[in-house]
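Q: this is the structure alone, sequence omitted:
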């Protein structure tokens, strides 16, 4: 019996509910820190084999299926075939949400009661996620990074994003959306150093139903780790400004 | 000179900013953040807005020139000549950057090719929406200062560029890492934020007059907050490879409350919205093509 009890305690302590997570003064999970996705979602959200310069990777799409409408599935295929030239990342445009999260570079979260600020190494992208109860500004607005308003549901930061343009892709494989994109991100600390990042993507112009991606974000724990810069030159800058 | 539409719109937004005293109890200044920093959070703006030139800035955009016309207006109601502001070079006393002779020649060369660029390298990186560098960025649009335990962060509206300034005394990154916005380390001396900036790639120029530094540049900034709404900015430029002596870039900044004509308390809820400058860029060679009809002037 004693042995059994010990085992139970271990199981409980290892579950997310009882994991020790940092908290802010107001009791919310504290997401402050420098984070990075460690996966190949930027190559392709779905299962994919290795290609030159792009390692293989397992799907981050729940069920691995992206529910395109028929016309959109054809366009995605065309995007994929021409991805080397069409991927907006090649032009170094702001990558949109959620792609900025898993584009492959670290980002830093600064958190307070009424605002979560996220600064990304990629192209100096930044986001203001207002958690002060304010609504999205009245549209129509088309921004590269959309407009972000957040709130807490228990220990999960839920971020509602609208007002996107139709110029960004979700990955290098040509997965795309329209300006009607609606993105809901859920940030949940699993423990001090891991965030479960679950995203619901909705776009009635392009998809037949909402779909989800899910991945883990990892905290950088290296001493003195900091954001650097990736200005992501869309032209041959080094040639002109050596 | 050519602006893309994003630049123009944001320049107009910048011009619409109205500096005004915040609703703050001056006698209680400074308040402190939970980790003990003087609380200077909010939106700040240069008093003399613009980055046209350093020696003869004017209240508006550009340089004040001898015999300058009043500018746009009607014949019976010309727009008044903008007042001349103090040189942004506060040391040496002559208000000139103490360039070494070769560097003065280069600055003049860059200036003489500024408005009709014939080669890509004559294009000010600012015209390509690239970061301006830590000092010049403060002269363009507003900066949102936010403070967190161990950090001050600057979020610049212009081109969504930011700086993260750690206050924990950590060493700078390795000397071979060169950065558009430099590598910043800060500490507070009373109500003055002192920031040591190294690792500058110095690809951004200092003005639209060809002024420049090298990647050996070391900047020491002093943000001297005088009360809740006013700050004096001083940046000592030390670069023995380019200048004959250290010199000081300086200007005044004020708390900015945004609004049309009558700022209200609601302006405190101002939000920086996306300024995706780079995304509107034409390819570099577009800016050089003669068939564009000279609208790059």
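A: Sure thing, it's come through. The structure presented is a predicted model; accordingly, all values stated were derived computationally and were not measured.

Q: which residue packs closest to the residue of chain A found nearest chain B, ignoring adjacent ones?
A: Taking C-beta to the nearest C-beta, chain B has its nearest neighbour within chain A at residue A:240, 4.0 Å off. Every C-beta, even on glycine, is put in place using the N, C-alpha and C of the backbone. With C-beta to C-beta, 6 or more residues apart in numbering or on different chains as the criterion, residue A:240 has its nearest non-adjacent residue at 4.0 Å, and that residue is residue B:120.

Q: report pLDDT for the one you found.
A: Residue B:120 is assigned 83 on the pLDDT scale.

Q: got it, and the one 4 residues further on?
A: Per-residue pLDDT puts residue B:124 at 89.

Q: check residue B:9 too.
A: Taking residue B:9 on its own, its pLDDT is 37.

Q: the stretch 101-250 of chain B: strands as residue ranges?
A: For the stretch 101-250 of chain B, the strands defined by DSSP state E, counting those that start in this stretch cover B:143-148, B:151-156, B:162-166, B:183-189, B:192-198, B:218-225, B:230-238, B:247-257.

Q: who wins for proximity to residue A:228 among those strands?
A: Smallest distance to residue A:228 across these (C-beta to C-beta): 8.5 Å, for strand B:183-189.

Q: quick check: neighbours of the closest one in the sheet, parallel or antiparallel?
A: Looking at strand B:183-189 with DSSP bridges, its partner strands are strand B:192-198 (antiparallel).

Q: pull out the buried residues from the partner strand.
A: By 16 or more other C-beta atoms under 10 Å in any protein chain shown, the buried positions in strand B:192-198 come out as B:192, B:193, B:195, B:196, B:197, B:198.

Q: could I get those as TSV with pLDDT?
A: As requested, the buried residues of strand B:192-198 are exported to TSV (pLDDT from 0 to 100):
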residue	pLDDT
B:192	98
B:193	98
B:195	98
B:196	98
B:197	98
B:198	98
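
Q: ok, back up a step: so which of the strands of the stretch 101-250 of chain B is nearest residue B:271?
A: That would be strand B:143-148 among the strands of the stretch 101-250 of chain B, by C-beta to C-beta, at 9.5 Å.

Q: do that closest one and chain A meet?
A: Yes - if you take C-beta under 8 Å from any C-beta of the partner chain as the test, strand B:143-148 does meet chain A, through B:146, B:148.

Q: any buried residues in that strand, and which?
A: So for strand B:143-148, counting by 16+ other C-beta under 10 Å, buried means B:143, B:144, B:145, B:146, B:147, B:148.

Q: assess the claim that the third one and residue B:154 are in contact.
A: Yes - contact criterion C-beta atoms under 8 Å: residue B:145 and residue B:154 qualify, at 6.1 Å.

Q: the strands of the stretch 101-250 of chain B into TSV, with extra columns for distance to residue A:175?
A: Converted to TSV, the strands of the stretch 101-250 of chain B look like this (distance: least, C-beta to C-beta, whole Å):
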stretch	distance to residue A:175
strand B:143-148	33
strand B:151-156	30
strand B:162-166	28
strand B:183-189	36
strand B:192-198	40
strand B:218-225	43
strand B:230-238	45
strand B:247-257	41
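
Q: nearest to residue A:119, out of those?
A: strand B:162-166 (5.2 Å).

Q: now for that closest one, which elements pack on it?
A: In this structure, strand B:162-166 packs against strand B:151-156, strand B:183-189, with contacts taken as 3 or more C-beta pairs under 8 Å, 6 or more residues apart in numbering or on different chains; DSSP states H and E.

Q: buried deepest among these, which one?
A: Each of the helices and strands packed on strand B:162-166 was scored by mean neighbour count; the highest is strand B:151-156, a mean of 22, by mean count of other C-beta atoms under 10 Å in any protein chain shown.

Q: that one pairs with which strands, and in what direction?
A: Short version: by DSSP bridges, strand B:151-156 pairs with strand B:143-148 (antiparallel), strand B:162-166 (antiparallel).

Q: with mean pLDDT and distance to residue A:121 as added columns, please give those strands in a markdown table.
A: Shown next, in a markdown table, are the strands paired with strand B:151-156 (pLDDT from 0 to 100; distance: least, C-beta to C-beta, whole Å):
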| stretch | mean pLDDT | distance to residue A:121 |
| --- | --- | --- |
| strand B:143-148 | 96 | 18 |
| strand B:162-166 | 98 | 10 |
